[in-house]
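Q: My questions are about this predicted structure, shown below with the sequence.
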Number of protein chains: 2
Amino acid sequence: MVKHAGSIFSVDVAGLETAPGQPAYARIGERIRVAIVSGALAPNVRLPSSRTLAQDLGVARNTVDWALGQLVADGYIVRRRGAGSFVAACIPERDAQPPAPKRAVIPSQAEPARRLSQRAQALQSYPGHYQPASAKAFTPSLPPGELFPRKVWNRLLIREASRPGNDYWAYGASNGLPALREAIAAHASAMRATCCSPDQVIVITSTQQAVELAGKVLADPGDRAWVEMPGYQPVQHCLRAAGLQVVQVPVDAQGLDVEAGRQLEPHARLAYVTPAHQYPLGCEMSLERRKALLSWAQQHDAYIIEDDYDGDYRYEGRPIASLQGIDEHGRVIYVGSFNKILFPGLRIAYVIVPEPLVGAFVNAKHAADGHTALLAQGVLAAFISEGHLARHLRKTRAVYDERRLAFLEEANVLADVLDFGPATAGMHVTGLFKPGHTGHLDDRAIAVEGARLGIEVHPLSKYGATDRGGLVFGFAGTSRAATRTGLQTVRQVIASFLHSA
Amino acid sequence: MVKHAGSIFSVDVAGLETAPGQPAYARIGERIRVAIVSGALAPNVRLPSSRTLAQDLGVARNTVDWALGQLVADGYIVRRRGAGSFVAACIPERDAQPPAPKRAVIPSQAEPARRLSQRAQALQSYPGHYQPASAKAFTPSLPPGELFPRKVWNRLLIREASRPGNDYWAYGASNGLPALREAIAAHASAMRATCCSPDQVIVITSTQQAVELAGKVLADPGDRAWVEMPGYQPVQHCLRAAGLQVVQVPVDAQGLDVEAGRQLEPHARLAYVTPAHQYPLGCEMSLERRKALLSWAQQHDAYIIEDDYDGDYRYEGRPIASLQGIDEHGRVIYVGSFNKILFPGLRIAYVIVPEPLVGAFVNAKHAADGHTALLAQGVLAAFISEGHLARHLRKTRAVYDERRLAFLEEANVLADVLDFGPATAGMHVTGLFKPGHTGHLDDRAIAVEGARLGIEVHPLSKYGATDRGGLVFGFAGTSRAATRTGLQTVRQVIASFLHSA
């Protein structure tokens, strides 16, 4: 069996050497996964040792270990202390079906079984088939569930659902419940200095939907859109899926480099930015850059998508107003989401759009999905207008700030390897490899090995090519104790790589 | 003031005589609305009598009456018995804002204030800014709220929301909750003879989202899609918004005319059909046509979107299995929605896609909005698996059938004017003007006048050019008493038009 397994891998990996892009460990991992999914490797079969595999495949043992580590993290393989690695008895739900067809649900599949549209192919690389996993230490942008006042929420839920004469059962307005749009307009103007009437607020489901609507309403296939580099990847996939060409504009300590953007592609129709707290670098866009971006948009009849995903969290200094608030020419599409500050399962976000575009955005929202579910809108409206949102933000801001300070203190154990970027806002902080270590260290491999050891740090390189690799740490969801042990783990992992390098 | 008002209209209408398409009453109505929205006509101002207006504008008095009737129905104008018509004190929410900007939210606006993408312009004609209105007699495809077991639903809602360890708060899988996908697969196979594994079920928000995803995944801008003619308009807008060119294929008593489609555009990538109960004509697609459609799709590597929007309601004869159930080559994207059989505010629907396309559809769903809200999915899963859906369908089927029979009986009062199409399934029935009357009767004008009198019949011509006009009646939500008086009203309206013709 082991022999059989070994041969499968060698064949597949050989076949794969020509495959594009991916690092070796990822290709090996993918092949093992396909072998498991296709049934070639039966449940409970013991795998060859990583040493044997490394020899069979002619790769470094580390490489095989990273591949296996990922498969363990994904649930395809289980390790039994002292006995080795085995194919899981029950493989992950998404693959637990007859082989041939199921392979289609592997999103990373390079060659779709059917002819797909170009836009669908543009999405093939996108890990759309998200599988929920429990948060680990440092999981970024996942609000810690224990802080959310579920009792309060459920009380409002029951009250609203059973309120006589409520209209949550019929069709709703495509732009959202008036009560919610009013609550949002008031909240955003108070917290983020936005300037709008409730009629400019359109209730949607997610930041992705905001980007998709903006791409659809303001650009046509072939048009170009600026995105931040490094930057939040899913947004780039949304834009590509909408037929746009993505122009990656470098980010520095002041945020998106508008001059660079002008040189790369002055005639872009859209620019997607995270000015309050750049993802992943954590910097805040300077006022000069904000003004430069706004005047570029005005000059070229372009629009700015302002993703204010964690603008509610700032711990030091005075928050700079939202771009939307200082936009004098109606060039900003402001995006706010409750999925990150309340809970992701909610699926309620919003856009604030310039008045002349309201009709077009509402039409697009209606065409996309009619309107957003009603009961949750009513509950959220009550949650905001009755002061629970403000209270929740105060509470989480205090807790996140504590955890942030704890993180920065504990992070000294990595001070010799990582330069930490700004940590004055948001829910994460990013450390870049010190120039001396760039080159030796593969941030993706570190992330994979970290996942094997129970932590979740994201590799900076995942967010687009940068001259330096690095690691993204979410601090908001991680207690001080977990932070300390987690950072120790990272230190060990990095040490092992530096050692083996 | 009246003079002033009169002059406004004449100017505007004069300017409009050159405007494209719309009938005169609609153009006049739109102008009056714009005058009200822009503030040129202040709240509570009395309008000239329809006779005066008709003279000022040089149109028939009926024309003015229809225009005013629509504005009354839309809430821009109120009639005070004996005193005439007045601009409403409080104009509809969507316009109740400072004039200039607000005009942008009038979806019918022909010229957008800003440069919009071609796809956004394709949506301009689409009344996306839906305003919820209470159901009237004959309102089609709105499930009667009083029949829905809200107590049961709310009990499950509370139970699920407070169930310890529930995972409705975190991110969810992009394809939906496993429990719901299993419940749907079982329900659809039992009720509609579909054939699929739960992994082929993807939970989405609405039929619109299904069409948008299919358009995106299976076609590129410029590709062609067959739609039924006459047919459900919103779907055509979704397809256009996705950059597709819509090919309108005639429908006859056997459903979509596949031969005609082949002649019009054999190389379409998609065909959207409502085989169980064609909207609006009400016919069922014959088995021959189903087979012909499937073989066309197989032959041309095209896909069929099967919208089974009210396939659960059949009152006579044996239900023909879904297209998906007899599809041997994985050519059908089956669409089911709970928004019409449970309640529209829910926003949960689903697609069943061929296995090789699952990955691509899930990627597209993820890019579109991440995933569908979780709590409602959990409640629905329980609602289905605990037998409440089956019970609700049995109950509503019996009630709808009674109302259908009552309608057909009462409809004799229109037997001399309308030929009623098949009424063996679904929630609506369509009457076509008898050949003798075609020409004299404007179904849109009748619908407008009907709305003024408190009923909601949809004009057949709204669903695409047909040689004969007609009226679409929803019977499911209308009691026998309301049916009788409603049909009397329709009779009066038609009589008045025949008389004035």
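A: It's in. Numbering: from 1, shown residues only, chains lettered A, B, ... in the order given.
Q: Helix, strand or coil: sort out the residue of the stretch 201-350 of chain A found nearest chain B for me.
A: The minimum distance from the stretch 201-350 of chain A to chain B, using Cβ to the nearest Cβ, falls at A:G345 (3.6 Å). Using the backbone N, CA and C atoms, a C-beta is placed for each residue, glycine as well. With DSSP: H, G, I helix; E, B strand; the rest coil as the basis, A:G345 sits in helix.
Q: How about the backbone phi and psi for the residue lying closest to it once chain neighbours are set aside?
A: Distance criterion Cβ to Cβ, 6 or more residues apart in numbering or on different chains; nearest residue to A:G345, sequence neighbours excluded, is B:L374 at 3.6 Å. Per-residue torsions, B:L374: phi -80, psi -50 (degrees, to the nearest 10).
Q: Just the buried residues of stretch A:250-262, please?
A: Within stretch A:250-262, the residues that count as buried by 16 or more other Cβ atoms under 10 Å in any protein chain shown are A:250-251, A:254-258, A:260-262.
Q: now stretch A:316-323
A: Neighbour counts over stretch A:316-323 (16+ other Cβ under 10 Å) mark A:319-323 as buried.
Q: so for it, what's the average pLDDT?
A: What stretch A:316-323 shows for mean pLDDT is 82.
Q: chain center to it: distance?
A: Chain-centre distance of stretch A:316-323: 23 Å, with Cα atoms, centre = their mean, to the nearest Å.
Q: From one end of it to the other, what's the distance?
A: With Cα to Cα, to the nearest Å as the measure, the ends of stretch A:316-323 fall 19 Å from one another.
Q: can you list contacts of it?
A: Residues outside stretch A:316-323 that contact it (Cβ atoms under 8 Å, 6 or more residues apart in numbering or on different chains) are A:188, A:192-194, A:273, A:275-276, A:284-285, A:287, A:290, A:293-294, A:304, A:306, A:308, A:311, A:332, A:334, A:424-425.
Q: Filter the residues you listed down to the ones in helices?
A: The helices, defined by DSSP state H, take in A:188, A:192, A:287, A:290, A:293-294 from these.
Q: Would you mind putting the residues you listed into JSON lines with pLDDT, neighbour count and distance to B:L244 alongside?
A: Formatted as JSON lines, the ones in helices among the contacts of stretch A:316-323 follow (pLDDT from 0 to 100; neighbours: other Cβ atoms under 10 Å in any protein chain shown; distance: Cβ to Cβ, whole Å):
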{"residue": "A:A188", "pLDDT": "94", "neighbour count": "24", "distance to B:L244": "36"}
{"residue": "A:R192", "pLDDT": "88", "neighbour count": "23", "distance to B:L244": "38"}
{"residue": "A:L287", "pLDDT": "92", "neighbour count": "12", "distance to B:L244": "44"}
{"residue": "A:R290", "pLDDT": "96", "neighbour count": "26", "distance to B:L244": "38"}
{"residue": "A:L293", "pLDDT": "98", "neighbour count": "26", "distance to B:L244": "34"}
{"residue": "A:L294", "pLDDT": "97", "neighbour count": "19", "distance to B:L244": "35"}
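Q: Dump those to JSON lines, plus distance to chain B.
A: Shown next, in JSON lines, are the ones in helices among the contacts of stretch A:316-323 (distance: Cβ to the nearest Cβ, whole Å):
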{"residue": "A:A188", "distance to chain B": "17"}
{"residue": "A:R192", "distance to chain B": "21"}
{"residue": "A:L287", "distance to chain B": "26"}
{"residue": "A:R290", "distance to chain B": "21"}
{"residue": "A:L293", "distance to chain B": "18"}
{"residue": "A:L294", "distance to chain B": "16"}
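Q: Would you state the helices of the stretch 151-300 of chain A in chain order?
A: When assigned using DSSP state H, counting those that start in this stretch, the helices of the stretch 151-300 of chain A occupy the ranges A:178-192, A:207-218, A:233-241, A:258-264, A:287-300.
Q: Just name the most buried of those helices.
A: Across these, averaging neighbours per residue (mean count of other Cβ atoms under 10 Å in any protein chain shown) puts helix A:207-218 on top, at a mean of 28.
Q: give me every residue that touches A:F86.
A: If you count contacts by Cβ under 8 Å, 6+ apart, A:F86 has them with A:44-47, A:77-80.
Q: Among those residues, name the buried ones.
A: Buried residues within the contacts of A:F86, counting neighbours by 16+ other Cβ under 10 Å: A:45, A:47, A:77.
Q: Can you add pLDDT, distance to chain B and secondary structure and give these back as a markdown table?
A: Output for these, formatted as a markdown table (pLDDT from 0 to 100; distance: Cβ to the nearest Cβ, whole Å; DSSP: H, G, I helix; E, B strand; the rest coil):
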| residue | pLDDT | distance to chain B | secondary structure |
| --- | --- | --- | --- |
| A:V45 | 79 | 23 | coil |
| A:L47 | 84 | 26 | coil |
| A:I77 | 81 | 21 | strand |
